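1. Quick one, fold the following:
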Amino acid sequence: MTDTRAFLAARGLPPGDLRDLPDSAKRFPDGAHYRVEIPSTEGPRCLEAVLEEAERLDVLVHRVSQGSGAFLLTDAELDEYARMAAAARVEVSIFAQPFAAWTVSATARARSGGVVAGSVHGQDGIVNALDDIRRSAAHGFRSVLISDVGLLAAFGEARRDGLIPADMQAKVSVMLPVANPMTARVLVDLGADTLNLVTDLSPAQMAAIRAVTDVPLDVYLESTDDMGGFLRHYELPEIIRVAAPVYVKLGLANAPGLYPAGTHLEATAVALSRERVRRARLALELLGRSGYAPTTSERGAEGVALPVPRAVPAASA
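-> Numbers count the residues shown, from 1 in each chain. Have a look, this model is predicted:
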């Protein structure tokens, strides 16, 4: 294996996982080590719940993400969502939909089909997903979740060519697996601004990925049952130390599935949003007890992709 490791090292890649767990010297633009993200915040009512709980429990939430896509929110809901997030100085990352798991793909529903669930099928699929991104942008959102490598490449080109705003960020979804440094490098080269890591990577594997990229890494401390259903809160100090800058994400184990979300599930979605913030409070308290004191950002800090709400015409009398 010596020659293989030397080949990789000569290309700026680690020769293996970094088992010595070196400190990361990289930071967010404001110098912070970590930020907090609450996923599955499916619309205005869920964001409202997140903000209320964050205030009550003294949790600084920097980003929320939404998994159902712009196409499952009305124009009025998107506008309210953007205005609320901008006022709170919180980023919202909207999923680019549809992907195979929600279309007529039989493969995505097969026992071994999960590997294609996040793919965008056909060129019409690329068109539809890019238009979903453009609709998010038109309503003021400046962060989008992407789960397909071709769509990410198209996003990067569309951003360069002005089809979508130049300040729009691409957040790679956990459904587009980032499990090693080479994949991380390729996705960043295609236009990724932040990378969701595979949920069960070790700190040594995260450290190897951190060695090749400066973009934030999104790390689930707690994952939903369909992504493992585990809680790794006790690893938070080590994860931040070796992988900073990190978005600390709180999924929720032992919780019902929401996707695709809608008003028929709103009460459940709101309750889960509140509990995710509570889980964040638990993780931050554990971090405080650890003796390690990394820094976090203020809301709206440099690099947070805040919405820019559009002006909505007043209703005619």
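2. CA atoms for contacts and neighbours, from now on please.
-> OK.
3. Look up how far residue 37 lies from residue 144.
-> 14 Å (C-alpha to C-alpha, to the nearest Å).
4. For residue 30, see how far away the residue lying closest to residue 69 once chain neighbours are set aside is.
-> Nearest residue to residue 69, sequence neighbours excluded (C-alpha to C-alpha, 6 or more residues apart in numbering): residue 95, at 4.6 Å. Distance, residue 95 to residue 30, using C-alpha to C-alpha: 26 Å.
5. And these two? Which one has more around it.
-> Set residue 95 next to residue 30 and count neighbours by other C-alpha atoms under 10 Å: residue 95 wins out with 27 against 13.
6. Show me the beta-bridge partners of the more buried one.
-> Beta bridges link residue 95 to residue 145, judged by DSSP bridges.
7. Tell me who's in contact with it.
-> 65, 66, 67, 68, 69, 70, 144, 145, 146 (C-alpha atoms under 8 Å, 6 or more residues apart in numbering).
8. for residue 207, what are its contacts?
-> Here residue 207 is in contact with 17, 18, 21, 22, 24, 242, 243 (C-alpha under 8 Å, 6+ apart).
9. Provide the secondary structure category for it.
-> helix (DSSP: H, G, I helix; E, B strand; the rest coil).
10. and what of the one 5 residues further on?
-> Using three-state DSSP, the structure places residue 212 in coil.
11. Around it, count how many other residues there are.
-> Based on other C-alpha under 10 Å, the number of other residues close to residue 212 is 16.
12. is it true that it touches residue 186?
-> No. The pair residue 212 / residue 186 is not scored as a contact, 10.5 Å apart, by C-alpha atoms under 8 Å.
13. Return the alpha-carbon coordinates of the strand or helix carrying residue 280 using CSV.
-> Using DSSP states H and E, residue 280 maps to helix 266-289. Included here for helix 266-289 are C-alpha records, laid out as CSV according to Å, rounded to 0.1, in the frame of the first residue of the first chain:
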residue,chain,number,x,y,z
GLU,A,266,-48.0,20.2,10.4
ALA,A,267,-48.7,19.6,14.1
THR,A,268,-46.2,16.7,14.1
ALA,A,269,-43.6,18.7,12.1
VAL,A,270,-43.8,21.6,14.5
ALA,A,271,-43.5,19.3,17.5
LEU,A,272,-40.4,17.7,16.0
SER,A,273,-38.9,21.1,15.3
ARG,A,274,-39.2,22.0,18.9
GLU,A,275,-37.6,18.8,20.0
ARG,A,276,-34.7,19.2,17.7
VAL,A,277,-33.9,22.6,19.3
ARG,A,278,-34.1,20.9,22.7
ARG,A,279,-31.7,18.3,21.5
ALA,A,280,-29.4,21.1,20.5
ARG,A,281,-29.6,22.5,24.0
LEU,A,282,-28.6,19.1,25.4
ALA,A,283,-25.6,18.9,23.0
LEU,A,284,-24.4,22.4,23.9
GLU,A,285,-24.7,21.7,27.6
LEU,A,286,-22.6,18.6,27.1
LEU,A,287,-20.1,20.7,25.2
GLY,A,288,-20.0,23.1,28.1
ARG,A,289,-19.2,20.3,30.5
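14. Which residues outside that helix are in contact with it?
-> So helix 266-289 is in contact with 36, 38, 40-42, 45-47, 49-50, 53-54, 57-59, 233-234, 236-237, 250-252, 255, 258, 261, 293, going by C-alpha under 8 Å, 6+ apart.
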